[in-house]
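> Fold the following for me, if possible:
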Amino acid sequence: MVLRKFLTALAVVLVLGIGILLVVGDYVYRTGTAVLCGIHPYHLGNTPARFETASQGNGPFKGSGWDRWVGHDLSRWWIPDIPVEEVRIRDPERPVTIAGWWITPTSGNSKATVIVAHGINSSRHNSDTLMPATMLAQAGFNVLLIDLRDQGDTTCEDSRHSAGQDESDDIVTAAYWLKSAKAIPMSQIGVHGVSGGALAAMITAAKNPEIAAFSLEAPIFDFNKAATHEVEYQGFPGFLWRAAYWAARVRGTDLMALTPSDGIKRMGERPLQVLHGSADSRVPYHNATDLVTFARAIGKSVTLHTFADADHTEGLLLEPDRYYQELEQFFSGALRY
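As a prediction, this is how the structure comes out:
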């Protein structure tokens with residue numbers, strides 16, 4: 001009788017404990033994956049023709065380190081004289097319409113095209129996405145710069161990101177739109193993903209075998225480590241990541257249905273490069289080295305470009321000429337020959 005009471009009490013405690021963890025985890029999940037369905041006020045007005053860095057306190061990393069870049073002159077990378085078309089691309093399988101800019105330089109290879117994907121809780125209006133896009137356009141590539149779902153001007157489903165699981169579908173949809181609407185062969189389409197856009201790009205590689213090349217800025221690799229770090233970055237105890245994961249599963253979302261390692265495994269011989277700042281506080285640099293180590297261990301060729309002392313996506317600003325060169329050389333080799 002005593003044992004039965006003890007076991008009953010233990011079961012009640014366990015159920016209550018799991019319930020509390022799921023409630024807390026659900027809060028962490030909803031808070032940690034929340035994104036703005038729209039354009040952040042500090043990105044309003046940014047277009048390929050003219051764009052500025054984010055205002056104080058709104059940069060891609062925390063702390064006073066961003067202050068030196070507020071108002072930084074980016075005019076060298078503006079493209080007021082290159083044609084830019086506002087486009088809307090419908091997902092054939094889901095009620096999602098993707099907003100984008102179709103940028104078509106008058107010089108260079110008319111087919112080589114790069115899809116540029118922004119980070120989490122961002123949009124195509126962010127300077128850290130616009131800048132590589134305009135660099136590529138200046139180098140003669142066509143560029144399709146898109147808003148991923150629930151962000152910018154693309155359809156808002158639930159105001160949350162899915163760690164690349166759904167966002168990767170937007171990249172695939174954009175690629176097939178290029179093929180059907182612009183007659184761009186899949187062998188001439190590459191992807192440059194920035195931060196969370198790099199995560200979506202790797203999931204894209206796992207889903208789609210046709211997109212020809214992948215360039216990743218500040219990519220997440222070990223999702224468990226990265227999610228734990230992100231939960232801590234947002235002010236929660238890191239162990240709550242697991243509770244958040246299972247809370248998401250209860251809601252029907254599997255944030256790890258496909259992982260970056262799945263993308264690397266399925267990339268095959270397709271060219272891959274990684275660009276990462278050694279002082280990245282948002283997505284620590286070990287993500288890049290872990291990715292490269294994993295890729296090379298399975299026989300995958302990958303090039304790593306390290307930007308010394310650069311915080312999250314800061315390599316663009318610290319060494320813009322080098323960044324331009326790495327993008328131009330990579331996609332020239334991957335898409336033009």
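
> if I pick residue 54, what's in contact with it?
Taking C-beta atoms under 8 Å, 6 or more residues apart in numbering, we find residue 54 in contact with 40, 42-43, 60, 66, 70, 126-127. Yep, even glycine has a C-beta here, placed from its N, CA and C like the rest.

> Of those, which belong to helices?
Residues of these located in helices (DSSP state H): residue 127.

> Looking at the contacts of residue 54, which one is closest to residue 169?
Comparing the contacts of residue 54 against residue 169 with C-beta to C-beta places residue 126 closest, at 21.0 Å.

> The closest one and residue 117 touch, don't they?
No. With contact defined as C-beta atoms under 8 Å, residue 126 does not count as touching residue 117 (11.2 Å).

> The two: which is more packed in?
residue 117 (31 against 27; other C-beta atoms under 10 Å).

> Not counting its neighbours along the chain, what's nearest the residue most central in space within the chain?
Nearest to the mean C-alpha position of the chain, by C-alpha atoms, centre = their mean, lies residue 197 at 1.3 Å. In space, and not counting its chain neighbours, residue 197 is closest to residue 117: 3.3 Å by C-beta to C-beta, 6 or more residues apart in numbering.

> Could you look up the SS state of residue 130?
Using DSSP: H, G, I helix; E, B strand; the rest coil, the structure places residue 130 in helix.

> From residue 95, how far off is it?
Counting by C-beta to C-beta, to the nearest Å, the gap from residue 130 to residue 95 is 28 Å.

> for stretch 83-96, the distance to its chain's centre please.
With C-alpha atoms, centre = their mean, to the nearest Å as the basis, stretch 83-96 stands 19 Å off its chain's centre.

> Oh, that last question was meant for stretch 258-267, not what I typed.
That offset, for stretch 258-267, works out to 15 Å (C-alpha atoms, centre = their mean).

> Stretch 211-225 too?
With C-alpha atoms, centre = their mean, you get 8 Å for stretch 211-225.

> Any idea how far apart the tips of that stretch sit?
28 Å (C-alpha to C-alpha, to the nearest Å).

> Same question for it: list its buried residues.
211-223, 225 (16 or more other C-beta atoms under 10 Å).

> With stretch 242-259 instead?
For stretch 242-259, by 16+ other C-beta under 10 Å, it's 242-248, 253, 255, 258-259.

> Report the two of those residues separated the most.
Once C-beta to C-beta is applied, these give 243 and 258 as the farthest pair, at 21.6 Å.

> Without its sequence neighbours, what residue ends up closest to residue 172?
Nearest non-adjacent residue to residue 172, counting by C-beta to C-beta, 6+ apart: residue 208, 5.0 Å away.

> swap that for residue 185, please
residue 111 (6.6 Å).

> just for the protein, where's the confidence low?
1-28, 30, 107-109, 337 (pLDDT under 70).

> Tell me where it has strands.
Using DSSP state E, the strands of the chain run over residues 84-90, 97-103, 113-117, 142-146, 189-194, 213-217, 272-277, 303-307.

> Export only the CA atoms of the third one, formatted as CSV.
I take that to be strand 113-117. Taking Å, rounded to 0.1, in the frame of the first residue of the first chain, the C-alpha atoms of strand 113-117 are listed here in CSV:
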residue,chain,number,x,y,z
THR,A,113,21.8,33.7,-61.2
VAL,A,114,22.0,33.8,-57.4
ILE,A,115,19.1,33.6,-55.0
VAL,A,116,19.9,35.6,-51.9
ALA,A,117,18.2,34.7,-48.6
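
> Report all helices and strands that it contacts.
Contact partners of strand 113-117 among helices and strands, from 3 or more C-beta pairs under 8 Å, 6 or more residues apart in numbering; DSSP states H and E: helix 127-138, strand 142-146, helix 167-181, strand 189-194, helix 196-207, helix 320-335.

> ok, now the first one?
Here strand 84-90 touches strand 97-103, helix 167-181, going by 3+ C-beta pairs under 8 Å, 6+ apart.

> Also the fifth one?
For strand 189-194, the packing partners by 3+ C-beta pairs under 8 Å, 6+ apart come out as strand 113-117, helix 127-138, helix 167-181, helix 196-207, strand 213-217, helix 320-335.

> Let's see the second one as PDB, backbone CA atoms only.
This points to helix 127-138. In PDB, the C-alpha atoms belonging to helix 127-138 read as follows (Å, rounded to 0.1, in the frame of the first residue of the first chain):
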ATOM      1  CA  SER A 127      21.800  45.900 -45.500                       C
ATOM      2  CA  ASP A 128      23.500  42.600 -44.600                       C
ATOM      3  CA  THR A 129      21.400  41.000 -47.300                       C
ATOM      4  CA  LEU A 130      21.200  43.800 -49.800                       C
ATOM      5  CA  MET A 131      25.000  44.300 -49.800                       C
ATOM      6  CA  PRO A 132      26.000  40.800 -51.000                       C
ATOM      7  CA  ALA A 133      23.100  41.000 -53.500                       C
ATOM      8  CA  THR A 134      24.300  44.200 -55.000                       C
ATOM      9  CA  MET A 135      27.900  42.900 -55.000                       C
ATOM     10  CA  LEU A 136      26.800  40.000 -57.100                       C
ATOM     11  CA  ALA A 137      24.800  42.300 -59.400                       C
ATOM     12  CA  GLN A 138      27.900  44.500 -59.800                       C
END
